[in-house]
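Engineer: Below are the sequence and a predicted model; questions follow.
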Amino acid sequence: MKNFKRFNIILLAIVLSLSLFGCGTNNSENTSVDSTDTPDKDKQQAQEEIYDVVVIGGGGAGLSAAIELKGAGANVVVLEKMSFLGGNTLISGGELNAPDTWIQEKLGIEDSIDQYKEDTLKGGDYKADEDLVTVLANNARNAMEWLRDEVNVSFKEDYLMQFGGHSVPRAAYPKGGSGNELIGKLVDKAEELNIPIKTRVKAEEILADDNGKVNKVVAVDEDGNEIVFKANKGVILATGGFGSNVEMRKQYNAEYDERYMSTDQPGTTGDGIIMAEELGAALVGMESIQTYPACSPETGVLSYVADTRFDGAVLVNKEGNRFVEELDRRDVISKAILDQTDAVGYLVWDTTIKEKSHMDNYMQEFEQLVKQGTLIKADKLEEAAEYFDINVEELKETIGKYNEYAVNGKDEDFNRRGEIVGLTKAPYYIQKVAPSVHHTMGGLKIDTQARVINNEGNPIPGLFAAGEVAGGIHGANRLGGNAITDIVVFGRIAAENVLK
């Protein structure tokens, strides 16, 4: 991760949360009230709290929704089962895509809503709900400006990332290059607005009244006490996907079994999907599970040092040959890596690319990777190749040919997008990478108002969803940088419509 001091704190919080909640599974001993010792007293009643809206999930989508709700004058509470806020947003890079922004204007980059929409649809194999993608594209720039103006998120003003599958650079880069900036500022704003946020409180059931309108959430706190949260207006699910739930992954796509580690935080277990299913919610695209191509082969953790791929690093195999375009879609690169010897790839870069890639933000991760034995720095390319037993002669020929492409400005082998940068300045670096489960595109079926749709095709009154818990937005594959756009756009839309 880009900030290992913060990362270690997060890991501690995760361990504490897992010990408190048994890895997210139900525990009847902890959640039931034992009245056998007091037979002469009335059975203890669950505590009850009343709000306009209950938001389940304290990540980027949930916090965005809560802030929007409070700004509209609603009485809102956020429930988070983990001991920390942020969800997968916190451990993300925090970059978000938007077209036709002030940063693109400064950099002279031409873009449009239609171009962004087409990239997103194409990136998802045209399996996304086009109406949802249209909403995403139309509201992306406003979401980025809302983060800047209302939440005080700081973006790098002279730089944009171009993730794989995008036709132009359009991903705004937050201060520090991590989700810390987004989550930190969202939490600050929530505290400024006095929004009650209850961590270590796990939602276990969503209830509806006699007319079918969702109006309650039954939850359990860290001490096993049951709390009923009444929601006069409705409930917003922002609980994330199911990337850390191996059994659920296998249920919908047997390919993604125990062989795959996950980049996700352990709380990403599909709770919201399961609770909504009990109310008859329809699911969409559950078989579509994405891997991130550049992760640690030892731990499965996503590597931000490997963002050198976006700034010119070359991806080769054990034989020393390139085998895929480095800026292709995540799923394409992941599958290509799995087809190589030992199911791994090797990113190669030089000092010029290192200096371009904001490596100062990642030096603690860099040092961890060196200790782990998955990253080597060497004065000569041959020395770095020998460390990983990569075919030296083939690698030298590959890099030599690529350097010619850099001079000519065209990649004749894979037609690489973006700037082609020659690898000519020592020291050289090689990093061993492998794919890891990263995002689940499937989830609850929603409409353009973020209403959860049931199996009969009708909205479930009072139930809304935003973020990775919702399906249909990314189709078969999510493009990098679109998740943060998604959580802010649909988190705010859910907040707007739950109050109607």
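Structural biologist: Great, that's in hand. Residues are numbered from 1 along each chain as shown.

Engineer: quick one: the closest residue to V135 other than its chain neighbours from S178, how far?
Structural biologist: In this structure, V135 finds its nearest non-sequential neighbour in T448, 5.0 Å apart by CB to CB, 6 or more residues apart in numbering. Every residue, glycine included, has its C-beta placed from N, CA and C. Counting by CB to CB, to the nearest Å, the gap from T448 to S178 is 31 Å.

Engineer: Same question for E204.
Structural biologist: Following CB to CB, the distance that separates E204 from S178 is 32 Å.

Engineer: Which one of these two is surrounded by more residues?
Structural biologist: Taking E204 and S178 together and counting by other CB atoms under 10 Å, S178 has the greater number of neighbours (25 against 15).

Engineer: Could you check how far the residue nearest to E226 when sequence neighbours are not counted is from K230?
Structural biologist: Nearest-residue entry for E226: A46, 4.1 Å, with adjacent residues in sequence omitted and distances by CB to CB, 6+ apart. According to CB to CB, A46 and K230 sit 11 Å apart.

Engineer: list residues touching both of these two?
Structural biologist: Applying CB atoms under 8 Å, 6 or more residues apart in numbering, one finds that no residue jointly contacts A46 and K230.

Engineer: can you give me the helices for the stretch 101-250 of the chain?
Structural biologist: Counting by DSSP state H, counting those that start in this stretch, the segments of the stretch 101-250 of the chain that form helices are 102-107, 113-123, 130-149, 179-192, 246-252.

Engineer: ignore the last one, the stretch 351-500 of the chain
Structural biologist: Taking DSSP H, counting those that start in this stretch as the criterion, the stretch 351-500 of the chain carries its helices at 351-356, 363-372, 381-387, 392-408, 482-498.

Engineer: which of those helices sits most buried?
Structural biologist: Per-stretch averages of neighbours, counted by mean count of other CB atoms under 10 Å, single out helix 482-498 among the helices of the stretch 351-500 of the chain, with a mean of 27.

Engineer: Could you give the number of residues near the nearest residue to A276 once chain neighbours are set aside?
Structural biologist: Take A276 and drop its neighbours on the chain: the residue closest to it by CB to CB, 6+ apart is L444, 5.4 Å away. Taking other CB under 10 Å as the neighbour definition, L444 ends up with a count of 28.

Engineer: thought L444 was touching N454?
Structural biologist: No. The pair L444 / N454 is not scored as a contact, 10.0 Å apart, by CB atoms under 8 Å.

Engineer: between the two, what contacts are shared?
Structural biologist: Taking CB under 8 Å, 6+ apart as the contact criterion, the residues that touch both L444 and N454 are 281-282.

Engineer: residues near F155, how many?
Structural biologist: The criterion is other CB under 10 Å. On that basis, F155 has 20 neighbouring residues.

Engineer: Can you give me the distance of it to D149?
Structural biologist: 11 Å.

Engineer: could you point out where the stretch 1-150 of the chain is predicted with low confidence?
Structural biologist: Filtered on pLDDT under 70, the stretch 1-150 of the chain yields the residue ranges 1-45.

Engineer: if you set the cut-off to 80 instead, what comes out?
Structural biologist: By pLDDT under 80, the low-scoring segments of the stretch 1-150 of the chain are 1-46.

Engineer: in the sheet, who's paired with I206?
Structural biologist: Judged by DSSP bridges, the bridge partners of I206 are V217.

Engineer: ok, now I50?
Structural biologist: Applying DSSP bridges to I50 yields these beta-bridge partners: K230.

Engineer: hang on, it packs against N232?
Structural biologist: Yes. Under the criterion of CB under 8 Å, I50 is in contact with N232, at a separation of 7.0 Å.

Engineer: circling back to that earlier point, can you tell which of the helices of the stretch 351-500 of the chain is closest to N211?
Structural biologist: Shortest separation from N211 across the helices of the stretch 351-500 of the chain is recorded for helix 482-498, at 16.5 Å, computed as CB to CB.

Engineer: Phi and psi next, for the nearest residue to G300 once chain neighbours are set aside.
Structural biologist: For G300, ignoring the flanking residues on the chain, the nearest one in space by CB to CB, 6+ apart is M261 at 2.4 Å. With angles defined as degrees, to the nearest 10, M261 shows backbone torsions of phi -80, psi 180.

Engineer: Contact partners for M261?
Structural biologist: With contacts defined as CB under 8 Å, 6+ apart, M261 is in contact with 295, 299-300, 436-437.

Engineer: got it, and I113?
Structural biologist: Contact partners of I113, counting by CB under 8 Å, 6+ apart, are 99-100, 137-138, 140-141.

Engineer: what do you get if the cut-off is 7 Å, keeping everything else the same?
Structural biologist: 99-100, 137-138 (CB atoms under 7 Å, 6 or more residues apart in numbering).

Engineer: I'd like to check the angle between the strand or helix carrying E48 and helix 482-498, please.
Structural biologist: Per DSSP states H and E: E48 is located in strand 47-56. In this structure, strand 47-56 runs at an angle of 130 degrees to helix 482-498, with axes from the mean of the first three to the mean of the last three CA atoms, to 10 degrees as the basis.

Engineer: what element comes up after strand 47-56 heading to the C-terminus?
Structural biologist: Note on strand 47-56: by DSSP H and E, the next helix or strand toward the C-terminus is helix 60-71.

Engineer: Only C-alpha atoms, please: export that next one in CSV.
Structural biologist: Output of helix 60-71 as CSV, limited to C-alpha atoms (Å, rounded to 0.1, in the frame of the first residue of the first chain):
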residue,chain,number,x,y,z
GLY,A,60,-16.8,5.6,0.3
ALA,A,61,-20.3,5.0,-0.9
GLY,A,62,-21.9,5.0,2.6
LEU,A,63,-20.1,8.1,3.7
SER,A,64,-20.9,10.0,0.5
ALA,A,65,-24.6,9.1,0.9
ALA,A,66,-24.6,10.0,4.6
ILE,A,67,-23.0,13.4,4.0
GLU,A,68,-25.5,14.1,1.2
LEU,A,69,-28.4,13.1,3.4
LYS,A,70,-27.3,15.2,6.3
GLY,A,71,-26.8,18.2,4.0
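
Engineer: which residues sit against that helix?
Structural biologist: Helix 60-71 is contacted by residues 53, 55, 76, 78, 87, 89, 182-183, 186-187, 189-190, 193, 195, 236, 238, 466-467, 484, 487-488, 490-492, 494-496 when judged by CB under 7 Å, 6+ apart.

Engineer: What residues of it count as buried?
Structural biologist: In terms of neighbour count (16 or more other CB atoms under 10 Å), helix 60-71 has its buried residues at 60-70.

Engineer: Kindly report the same for stretch 74-93.
Structural biologist: Neighbour counts over stretch 74-93 (16+ other CB under 10 Å) mark 74, 76-93 as buried.

Engineer: Please apply the same query to stretch 213-221.
Structural biologist: Using 16+ other CB under 10 Å as the burial criterion, the residues of stretch 213-221 that qualify are 214-221.

Engineer: Can you tell me what sits against that stretch?
Structural biologist: Counting contacts by CB under 7 Å, 6+ apart, the residues outside stretch 213-221 that touch it are 30-31, 54, 56, 79, 200-209, 226-231, 234-235, 460-463.
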